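Colleague: Give me a 3D structure for the following:
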Amino acid sequence: MAESVRFSKTASVVSFVILLFHVVTSSTNTPVIVPADAGVGYSILKLDCDNSDLQLRTKDVFGDFYENFVMTESGDLVLRRPVSPLGGQSYQLTVLSHRNCYDNVPKKRTFDIRIRSTSEVFPQRLYTGYTGTTDILGSLVTHLSNIQVRPEPQQEFVLQGFYSDYFTILPSDFNDQIRVVLNKEFPTDFPKRAFYFTLLSKVGDEVRGHTGIEILRVENPNQKQTQSRSVSNNNPGSPRLTATFDQDLSNSASSHALRLRRQASATTSQQTVEVYEDSKGGAELFSVERSQVAGDNIRFEIRSSEPEDVFSIDVDTGKVSLKSNAKLDYDYGGVQQYVITVDVKRQDDGTAGPIWTVLHVVQITANILDRNDEPPRFITKPVPYLAVVASNAQAGVSVFRIEAEDVDGGPGAVKYYKENVGSSPYFEVDRDTGEIRTTEAITSGLDYVIKVYALDSKATVQQKTGPVDINIRRGQRPPQFYSSSYVASVEESNQADQTFQAFDVDGNPVAIEAKNFQSGGATRYSVYESLTAISTRFAVEEGKVKTLRTLDYESDQRTFDLTVRAEDTLSGFSSDVKLTVHLLDRNEFTPLFSKSTFTVTVDEDIPIGTSVIEVSASDKDGSTVLSYTVTDPTFSITTTGNGQKGVIKTNGTLDYDRKFPHYYEFKVIASDNGATPRTAEARVIVTTNNVNDQAPQFDDNKVATLMGNAEPGTTVIIVRAVDEDGDAVTYSFDGRIDIQF
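Modeller: Alright, predicted model coming up:
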């Protein structure tokens, strides 16, 4: 029968965790947990904005994380490489919305990203201990008397496995250690000599870590460590054995133990296959190599597929297919290689019924092959396509060049064609270069249109773009900006004449510039805050936003809606575009509590969760939202009013009698939500009133001997009782006197 033994570590470790946590994170940020085994393309969270509207920002100390490990894709925050080397670390990442996609004033959201491995609670993956065949109840298991753990609030340890009821988990002398103790004695004829358990660390229903426990019964446990092991392939720390403790913990404990012993001998191999990107959903792609596995009762299971789960497998034959709703794509950000791990299992008979044992593990590298299945795409900027032609232009004059790319067609694959319907007869397109030229002298008219499409000449099935219009004007035309709008972010306390990067409507970093159609003309840029007022705070210089004076987030407006004007210096023709500048707050100020010490007096018997006292703090930074923590696990604190106040509540039972002096003194910490949080501390003193909740206790039972000739008033015995509440004690008979002759 499967058993489990539990041991809880309670609030004694909470203060340590809180002190560490408040430095790294803030409750106003969004906490995100990423498993350390997450692969490339793992979606961390939905950012609720278009990808074109997002910009990632972080401090230099975290630069490697955001530049090398995360990116935005289709409005999601995703991993661009595995994060297993970062297990146990925390990072803070700010996402800016250029077009104010978010509702909050700062137009940004900050995320506290923690890379958490399911085994990081325990520094080792496997622990081995020894118990004697004659050990008695309460005996420590040798080598398992000080297992190091990472303490967490409300932590609980559970020992899972067959015969786990013979052992129990107890706290050690230190709050970061636990020990395994014999919970009941084994019968003299008990045959079992080896036990295999999984030790879980849980907080509530969440498994926060796990490790393997191996216990061997020997004659002399103190000498066993120097003797050879009787169980082959089970040496402490063996990768094959420790890997088995990562299997599905929901399986029955008896099956789990048997699976561990047999799976220790599982072998591995590599296999490489090629799959075309245009494979259809449901199509059979390849078979798993099984030459190293013989016999009947064999089945195949996909353990993992990175970076996407798009494959299925026939459990009986090992044939791998593409899932019916899946699609492979080599081009335009698609996946060009998958790594698939397949377990080859055999059915065996276990004490609790049939079990499947992993005999062999195949790691398959599936290389995706490109097909010429993508049509060309036009890449010429700016859009729409505008051009000019001289009033007296003759035949053969070049007026424009359009360009398209084809990611899978190869060099020279793209050809350009004129759509005759709707196109002016005065122009033609060069089939190889995309150059637009006049076909004859231009003698009349003002505006002309030529429709052009691009075709992949090497595709077996026709692949072409839709037609695009090129609008040609005879004479002059005002400058044309390369984006329909621009956005920039400027941090407060900037220096005058400091420049900042601008972003186009797609969120790409670009220069603010316009195409000038006049031969020999120059373009002059001006920034306006209204229709006629030139800005005294911003300018455009060499394509970047330039500040003309220092800005302050607390006193200046937070968003500037500006107009950039591009003017041709020869013709005087001009055009305008919208520029939005967001002023970002800098974390300049430290929070300040309204008092240095907060005091309150309460009765000791108030219920858990009772509000005790309210604290308040402020921060001069305009965008700051405060959060609070306390250093005593007997109390908790809830942030209210956008961080302006915190309500301290009881998190445990107060006790006047067991607490001397009769008050609780601890710190309350206020943290702001800056990229590098600033903190402030204040003292809290909670004094407890005594409540008569303790009954008097006699120091011992007394027996007296009374002589038969004792006179009235003779002292027979002196008794004494103590009341831990400190109340006066009175004595009386309860009417029951036991006299023995």
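Colleague: residues near Thr268, how many?
Modeller: For Thr268, the count of nearby residues is 11 (other Cβ atoms under 10 Å). Any C-beta I mention is one placed from the backbone N, CA and C, and that applies to glycine too.
Colleague: Please read the previous query as pertaining to Lys323.
Modeller: By other Cβ under 10 Å, 14 other residues sit near Lys323.
Colleague: now Phe300
Modeller: Counted by other Cβ under 10 Å, the residues lying close to Phe300 total 22.
Colleague: ok, now the one 10 residues further on?
Modeller: By the criterion of other Cβ under 10 Å, Val310 has 17 neighbours.
Colleague: Please name every helix or strand in contact with the strand ranked longest in the chain.
Modeller: Across the chain, the strand with the greatest residue count (assigned by DSSP state E) is strand 353-369. With contacts taken as 3 or more Cβ pairs under 8 Å, 6 or more residues apart in numbering; DSSP states H and E, strand 353-369 sits against helix 253-263, strand 267-276, strand 298-306, strand 337-350.
Colleague: the strands in the stretch 301-450 of the chain, which residues?
Modeller: Taking DSSP state E, counting those that start in this stretch, the strands of the stretch 301-450 of the chain run over residues 311-313, 319-322, 337-350, 353-369, 377-378, 385-389, 398-401, 404-405, 414-419, 427-429, 435-438, 447-456.
Colleague: of all the ones you listed, which gets the most neighbours per residue?
Modeller: Greatest average neighbour count among those goes to strand 427-429 (a mean of 22), per mean count of other Cβ atoms under 10 Å.
Colleague: That one pairs with which strands?
Modeller: Here strand 427-429 has these sheet partners by DSSP bridges: strand 435-438 (antiparallel).
Colleague: Show me where this protein has its helices.
Modeller: Under the criterion DSSP state H, the chain contains helices at 14-24, 63-68, 239-244, 253-263.
Colleague: Which one of those helices has the poorest average confidence?
Modeller: Mean pLDDT is lowest for helix 14-24 among the helices of the chain, at a mean of 26.
Colleague: Where does pLDDT dip in the stretch 601-741 of the chain?
Modeller: By pLDDT under 70, the weakly predicted segments of the stretch 601-741 of the chain are 658-660, 675, 693-694, 699-708, 723-728, 734-741.
Colleague: can you give me the strands in it?
Modeller: Applying DSSP E, counting those that start in this stretch to the stretch 601-741 of the chain gives strands spanning 611-618, 627-630, 635-640, 645-650, 663-671, 679-689, 697-698, 721-722.
Colleague: in the third one, what's buried?
Modeller: In other words, strand 635-640. Phe635, Ser636, Ile637, Thr639 (16 or more other Cβ atoms under 10 Å).
Colleague: about what we covered before: between the strands of the stretch 301-450 of the chain, which one is nearest to Leu77?
Modeller: The closest of the strands of the stretch 301-450 of the chain to Leu77 is strand 337-350. By Cβ to Cβ, the value is 22.0 Å.
Colleague: Restricting to C-alpha, output the closest one in PDB.
Modeller: The C-alpha coordinates for strand 337-350 follow below in PDB (Å, rounded to 0.1, in the frame of the first residue of the first chain):
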ATOM      1  CA  GLN A 337      14.800  22.400 -35.900                       C
ATOM      2  CA  TYR A 338      13.000  20.400 -33.300                       C
ATOM      3  CA  VAL A 339      14.400  18.200 -30.500                       C
ATOM      4  CA  ILE A 340      12.100  15.300 -29.600                       C
ATOM      5  CA  THR A 341      12.700  13.000 -26.700                       C
ATOM      6  CA  VAL A 342      11.000   9.600 -26.900                       C
ATOM      7  CA  ASP A 343      10.800   6.900 -24.100                       C
ATOM      8  CA  VAL A 344      10.800   3.300 -25.200                       C
ATOM      9  CA  LYS A 345       9.100   1.300 -22.500                       C
ATOM     10  CA  ARG A 346       8.400  -2.300 -21.700                       C
ATOM     11  CA  GLN A 347       5.500  -3.700 -19.600                       C
ATOM     12  CA  ASP A 348       6.400  -5.600 -16.400                       C
ATOM     13  CA  ASP A 349       4.500  -7.100 -13.600                       C
ATOM     14  CA  GLY A 350       4.600  -5.100 -10.300                       C
END
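Colleague: hey, which helix or strand in this protein has the poorest pLDDT?
Modeller: Across the helices and strands of the chain, mean confidence by mean pLDDT, DSSP states H and E is lowest for helix 14-24: a mean of 26.
Colleague: For Val293, give me its contacts.
Modeller: Going by Cβ atoms under 8 Å, 6 or more residues apart in numbering, Val293 touches Val344, Arg346, Leu359, His360.
Colleague: Out of those, the closest to Ala390 would be?
Modeller: Using Cβ to Cβ, the contacts of Val293 come closest to Ala390 at Val344, 74.7 Å.
Colleague: Export the buried residues of strand 635-640 to JSON lines and append columns for distance to Val421.
Modeller: Listed next are these as JSON lines, based on distance: Cβ to Cβ, whole Å:
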{"residue": "Phe635", "distance to Val421": "79"}
{"residue": "Ser636", "distance to Val421": "74"}
{"residue": "Ile637", "distance to Val421": "72"}
{"residue": "Thr639", "distance to Val421": "66"}
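Colleague: which two in those are spaced the farthest apart?
Modeller: In the buried residues of strand 635-640, two members sit farther apart than any others by Cβ to Cβ. They are Phe635 and Thr639, at 14.1 Å.
Colleague: which regions of the stretch 201-350 of the chain lie under the pLDDT threshold?
Modeller: The stretch 201-350 of the chain contains residues with pLDDT under 70 at 222-266, 294-295, 348-350.
Colleague: could you dump the strands of the stretch 601-741 of the chain to CSV with distance to Ala387?
Modeller: Below are the strands of the stretch 601-741 of the chain laid out as CSV (distance: least, Cβ to Cβ, whole Å):
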stretch, distance to Ala387
strand 611-618, 59
strand 627-630, 57
strand 635-640, 59
strand 645-650, 63
strand 663-671, 58
strand 679-689, 60
strand 697-698, 101
strand 721-722, 102
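Colleague: and Leu328, which of those strands is closest to it?
Modeller: Nearest to Leu328 among these is strand 627-630; the distance by Cβ to Cβ comes to 45.2 Å.
Colleague: Can you list the strands that the closest one pairs with?
Modeller: According to DSSP bridges, strand 627-630 forms sheet pairs with strand 663-671 (antiparallel).
Colleague: where along the stretch 101-250 of the chain do the strands fall?
Modeller: Along the stretch 101-250 of the chain, counting by DSSP E, counting those that start in this stretch, strands occupy 108-116, 126-132, 147-148, 155-162, 167-171, 177-182, 194-203, 206-218.
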